[in-house]
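# The sequence and its predicted three-dimensional model are supplied below.
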Amino acid sequence: MTPLDYTLAELKQQLSARTLSATELTEAVFARIAATDGTVQAFLTLNEEQARAEARRYDDKYVQGEGIGALAGIPAGIKDNIITEGLRTTCASRFLDNFVPVHDAFVSRKLKEAGVITAGKLNMDEFAMGGSNENSAYQVTRNPWDVERVPGGSSGGSAAAVAAGQVPFSLGSDTGGSIRQPASYCGIVGLKPTYGLVSRFGLVAFASSLDQIGPLTRTVEDSALVLQAIAGHDAMDSTSANVDIPDYTAALQGDVRGLRIGVPKEYMGEGVDPKVKQAVLDALKTFESLGATWEEVSLPHTEYAVAAYYLLASSEASSNLSRFDGVRYGVRAENPDNLIDLYFKSRSEGFGSEVKRRIMLGTYALSSGYYDAYYLKAQKVRTLIKQDFDQAFQKYDLLIGPTAPTTAFKIGEQINNPLQMYMNDILTIPVSLAGVPAISVPCGMADGLPVGLQIIGKPFDESAVLRAAHLFEQATEHHKLRPQL
Amino acid sequence: MSINLHDVEHVAKLARLLLTDEEKDRYTDQLNAILKYADKLNELNTDDVQPTTHVLPIRNVMREDEVRPSLDRERVMKNAPEEEDGQFRVPAVLE
């Protein structure tokens, strides 16, 4: 056993009992990264020197028995679109190649308050646009289960680093599935909280009405521990919800007896790999044996979600990314003819192909003459999709289905067909549009690759989602499987 | 609706993007495929449906209009590609 075989909950115990030091744990993390990241390529920037200094500081605090944070001395990786003071943050874009934030994101500050040590910044699709990490301007992160395959995305680095045992947990962001889908492909736990539960302050904006930060972990209990550290109201985010934050670890206790589960038939239909479907049906049997009941339900507007999402997310992105003009930060093009030319050249040289494509789509959808036909229409369809969920949750406590229609695909397989790539998110996008919480937990293997089970809850009912996921995990062995690297 | 090369050039200009001829052709094809797919939304009658901008029941969040500390100028300028006298330097706008 190395320290990296332990869950967060176990590490917390060992650090408190001082059978393990923060320094030993931090050294183990960097040794593991050194041994595996040449293959996995999850990290864009390492924070070694600072992390070691912090580990020593926490060791002193533990010795002195001072009151310290809930996760004191535990290293983590952070997705590279979450700003970290003094630590390079690129969003995996050439545009921000030299960007060193001058303050922390809300979640970066919350993790520091909890005592978390930042090990480094994790690869992603550029500006979180993509589902494979192939859109990173720097490197293609590999799936630890099969290095010929993608880790998923856009939080692919965050998922691969946890799956490869490089860090005990990481943070990712999810706009249309960017935490859940890579968690599914990499065989780990990924939680997208309710929109508004976690502040977006300091998360580089992609689609502001959809973006949400959440944890990627090995176990559901760990997910609860990290969510506890990052949830809460923040005046700096005007869409931060002012709700009471429950004790998520306490919420894991209890059972699922009498729980009513709806299984959207649209999530088990055409396009879903039969082996994925079988793993989900097996999981539903487990829930039956735990005392829950399930039946089929319809979310009739599911088939419209991907179209609505790409119009809305791209429109919001085209507006959000207009801030990248080469004036105040980022990489400025050399020798511009004038100010307008500076904008044109800096943006054209700084952005990659997928980012440009989405800016083009969004600009078109918002432009004069097309706004009503595309943007407004998509917003109205979003209402219908949200209503599907509202209605289903009148009858059911949770909705369950696959996280993604397939397991991880091969690198290069879908990169030339944007529409095909977008379809990988067909089961996570409706949940994002509705703004409700959902978790992906491992529920089996298909041809040597992990399958993820998506458990979807009512708004701000993370407790019910985590409890069901925890009980499922405790009743099964899937989360104990580890890739050989 | 479909998008042609002329539209792509117009949109690229609005978005402040310089595209190569190859990119223009590629985006014309790809955006057409995506927009054709998006036409699917017209199967739904949404005449009486209100749009959703975001899912939370929050409207205009206000605070008291009080002066509060913000980032100091030196830190704000740290990532400036070009700086002069504590200000962002850009090419001349006026002749």
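Yes, it's here.

# Strands of the stretch 1-150 of chain A, start to end?
A:43-46, A:75-79, A:117-122 (DSSP state E, counting those that start in this stretch).

# ok, now which ones touch residue 8?
Since no chain was named, I'll use chain A. Neighbouring residues of residue A:8 by CB atoms under 8 Å, 6 or more residues apart in numbering or on different chains: A:71, A:74, A:168-169, A:217-219, A:221-222, A:225-226. Yep, even glycine has a C-beta here, placed from its N, CA and C like the rest.

# wrong one, I was asking about chain B
A:360, B:19, B:24, B:27-28, B:31.

# Could you dump those into CSV and include distance to residue A:58, neighbour count and secondary structure?
Shown next, in CSV, are those (distance: CB to CB, whole Å; neighbours: other CB atoms under 10 Å in any protein chain shown; DSSP: H, G, I helix; E, B strand; the rest coil):
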residue, distance to residue A:58, neighbour count, secondary structure
A:360, 47, 27, helix
B:19, 51, 20, coil
B:24, 55, 15, helix
B:27, 50, 25, helix
B:28, 56, 20, helix
B:31, 51, 21, helix
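
# Farthest-apart pair in the residues you listed, please.
The largest separation in the contacts of residue B:8, counting by CB to CB, is between B:19 and B:31 at 11.7 Å.

# wait, isn't residue A:365 in contact with residue A:377?
No - if you go by CB atoms under 8 Å, residue A:365 and residue A:377 don't touch, sitting 9.3 Å apart.

# what are the phi and psi values for residue A:440?
phi -110, psi 130 (degrees, to the nearest 10).

# go on, residue A:449?
Torsion angles, degrees, to the nearest 10, at residue A:449: phi -120, psi 140.

# That one bridge partners, please.
When assigned by DSSP bridges, residue A:449 has beta-bridge partners residue A:446.

# what's the distance between it and residue A:121?
27 Å (CB to CB, to the nearest Å).

# Comparing these two, which residue is more hemmed in?
The neighbour comparison of residue A:449 against residue A:121 (other CB atoms under 10 Å in any protein chain shown) goes to residue A:121, with 29 against 21.

# pLDDT value on the more buried one, please?
The score at residue A:121 is 98. That number is its pLDDT.

# do residue A:67 as well
68.

# Same check on residue A:1?
Residue A:1 is assigned 65 on the pLDDT scale.

# Repeat that for residue A:371.
At residue A:371, pLDDT is 94.

# Spit out the contact partners of it.
residue A:365.

# Report the closest residue of the stretch 1-150 of chain A relative to chain B.
Taking CB to the nearest CB, chain B has its nearest neighbour within the stretch 1-150 of chain A at residue A:102, 4.2 Å off.

# So residue A:400: helix, strand or coil?
strand (DSSP: H, G, I helix; E, B strand; the rest coil).

# how far away is it from residue A:342?
From residue A:400 across to residue A:342, the span is 51 Å (CB to CB).

# same check, this time on residue B:66
Relative to residue A:342, and taking CB to CB, residue B:66 is found at 36 Å.

# Between the two, which has more neighbouring residues?
A count of neighbours by other CB under 10 Å puts residue A:342 above the other of residue B:66 and residue A:342, at 22 against 5.

# The more buried one touches residue A:330, doesn't it?
No - under the contact definition of CB under 8 Å, residue A:342 does not touch residue A:330, with a separation of 11.7 Å.

# ok, residue 89 - how many residues close by?
By default, I'm working from chain A. Neighbour tally, residue A:89, other CB under 10 Å: 24.

# Not quite, go with chain B.
So residue B:89, with other CB under 10 Å, has 12 neighbours.

# which ones are touching residue B:82?
By CB under 8 Å, 6+ apart, residue B:82 lies in contact with A:332, B:88-90.

# Filter the residues you listed down to the buried ones, PyMOL style.
Selection of buried members from the contacts of residue B:82 for PyMOL, criterion 16 or more other CB atoms under 10 Å in any protein chain shown:
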select buried, (chain A and resi 332) or (chain B and resi 90)
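
# Serialize the contacts of residue B:82 to TSV and add fields for distance to residue A:38.
Listed next are those as TSV, based on distance: CB to CB, whole Å:
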residue	distance to residue A:38
A:332	33
B:88	40
B:89	41
B:90	42
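
# out of the contacts of residue B:82, who's nearest residue B:9?
residue A:332 (24.5 Å).

# In contact with the nearest residue to the closest one once chain neighbours are set aside: list those residues for me.
In this structure, residue A:332 finds its nearest non-sequential neighbour in residue B:81, 3.6 Å apart by CB to CB, 6 or more residues apart in numbering or on different chains. Residues in contact with residue B:81 (CB under 8 Å, 6+ apart) are A:326-327, A:329-332.

# Farthest-apart pair in the residues you listed, please.
Going by CB to CB, the pair spanning those furthest: A:327 and A:331, at 11.6 Å.

# The spatially most central residue of chain B and residue A:413, how far apart?
When CA atoms, centre = their mean is applied to chain B, the residue found nearest the centroid is residue B:15 (7.1 Å). According to CB to CB, residue B:15 stands 29 Å off from residue A:413.

# rewinding a little: show the pLDDT at the residue nearest to residue A:332.
Reported pLDDT for residue B:81: 96.

# tell me the SS of it?
Per three-state DSSP, residue B:81 ends up coil.

# Repeat that for residue A:191.
Taking three-state DSSP, the label given to residue A:191 is strand.

# Number of residues surrounding it?
Counted with other CB under 10 Å, residue A:191 comes out at 31.

# That one: what's it in contact with?
Applying CB under 8 Å, 6+ apart, one finds that residue A:191 lies in contact with A:179, A:214-215, A:217, A:223, A:227, A:437-440, A:462, A:465-466.

# Same question for residue A:445.
So residue A:445 contacts A:279, A:451, A:478, A:481 (CB under 8 Å, 6+ apart).

# Need the pLDDT of it.
pLDDT at residue A:445 comes out at 97.

# Can you give me the separation between it and chain B?
Using CB to the nearest CB, to the nearest Å, we find residue A:445 at a distance of 32 Å from chain B.

# For the closest residue to residue A:32 other than its chain neighbours, grab the count of nearby residues.
Closest residue to residue A:32 in three dimensions, ignoring its sequence neighbours and counting by CB to CB, 6+ apart: residue A:166, at 5.2 Å. Per other CB under 10 Å, the neighbour tally for residue A:166 reads 31.

# ok but residue A:166 is inside a helix, no?
No - using three-state DSSP, the secondary structure at residue A:166 is coil, not a helix.

# Now do the contacts for it.
A:4, A:29, A:32-33, A:36-37, A:40, A:42-43, A:77, A:119.

# so where's the chain uncertain?
Here I'm looking at chain A. A:1, A:67 (pLDDT under 70).

# Sorry, I should have been clearer: chain B.
B:1, B:95.

# how about the helices in it?
Taking DSSP state H as the criterion, chain B carries its helices at B:5-14, B:21-38, B:73-76.

# Buried residues, the longest one. List them.
Looking back up the chat, that one is helix B:21-38. B:23, B:26-28, B:30-32, B:34-35, B:38.

# neighbours around the spatially closest residue to residue A:108 that is not a sequence neighbour, how many?
Among residues not flanking residue A:108 along the chain, residue A:84 sits closest, at 5.0 Å (CB to CB, 6+ apart). Look at residue A:84: counted by other CB under 10 Å, it has 26 neighbours.

# Verify the contact between residue A:84 and residue A:100 for me.
No - using CB under 8 Å, residue A:84 makes no contact with residue A:100, being 9.1 Å away.

# and residue 20, what does it touch?
This is for chain A. Residue A:20 sits next to A:3, A:11, A:14 when contact means CB under 8 Å, 6+ apart.

# What distance do you get for the spatially most central residue of chain A to chain B?
Nearest to the geometric centre of chain A sits residue A:179, at 2.3 Å (CA atoms, centre = their mean). Distance, residue A:179 to chain B, by CB to the nearest CB: 17 Å.

# Check whether that residue really touches residue A:173, as I assumed.
Yes - between residue A:179 and residue A:173 a contact is recorded at 6.9 Å, counting by CB under 8 Å.
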